[in-house]
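Enquirer: the sequence and its predicted three-dimensional model are supplied below.
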Amino acid sequence: SLSNTLVSNIKQITGCKSVPHLALAWLLHMWLLMQVLYVLLMSATQKDGYNNSEPRSMNPGGGRVYRLKCSADNTFESLVGFLVALAVLSSAGDKLSEAENAMINKWAVLSMIARTIYPFAYVWDLDMLRSVLFEICFFSYVAIITTAL
């Protein structure tokens, strides 16, 4: 199936043995990339550039730059759910079967894909797609937790 192919390719390409931990690294990478892009866009669009002394006083005034910032904030907030899922998964230790580990890997890959598409849906104001992607991520986290329990 497609999910098995994705999981095996991710393991083969990255050499990572724990796909959920790779997904965590991917989420952090996505968040950092969006933050850097936001700073660059604020520098390019503000009259006096980016104000490093008073960054919170800067107002992007709406639009796509502001939506990028909100998307980055939302990605960071979603890390809490994923960290809870990883904590529950870690507490399961070696008690999980091979089939359960395979299912958890699939849910982790699904959340990575959804979280990669999510910022584009947010920035381009595709509200229905954004909501579906958010729910996919949320239910992926819940699925990882329930599988690990």
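Expert: Cool, the structure landed.
Enquirer: helices and strands around the one helix or strand residue 144 maps to, which ones?
Expert: Assessed by DSSP states H and E, residue 144 sits inside helix 127-148. In terms of contacts (3 or more CB pairs under 8 Å, 6 or more residues apart in numbering; DSSP states H and E), helix 127-148 is packed against helix 63-92, helix 98-123. (Each C-beta comes from the backbone N, C-alpha and C, glycine too.)
Enquirer: dump these to JSON lines, plus distance to residue 43.
Expert: Shown next, in JSON lines, are the helices and strands packed on helix 127-148 (distance: least, CB to CB, whole Å):
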{"stretch": "helix 63-92", "distance to residue 43": "11"}
{"stretch": "helix 98-123", "distance to residue 43": "18"}
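Enquirer: return the most buried member of the ones you listed.
Expert: Most buried of the helices and strands packed on helix 127-148 by mean neighbour count (mean count of other CB atoms under 10 Å) is helix 98-123; its value is a mean of 20.
Enquirer: how far off centre is that one?
Expert: From the chain centre to the centre of helix 98-123 is a distance of 8 Å (CA atoms, centre = their mean, to the nearest Å).
Enquirer: looking at it now, give me its mean pLDDT.
Expert: Regarding helix 98-123, the rounded mean pLDDT is 90.
Enquirer: what's the angle from it to helix 63-92?
Expert: Computed by axes from the mean of the first three to the mean of the last three CA atoms, to 10 degrees, the angle separating helix 98-123 from helix 63-92 equals 170 degrees.
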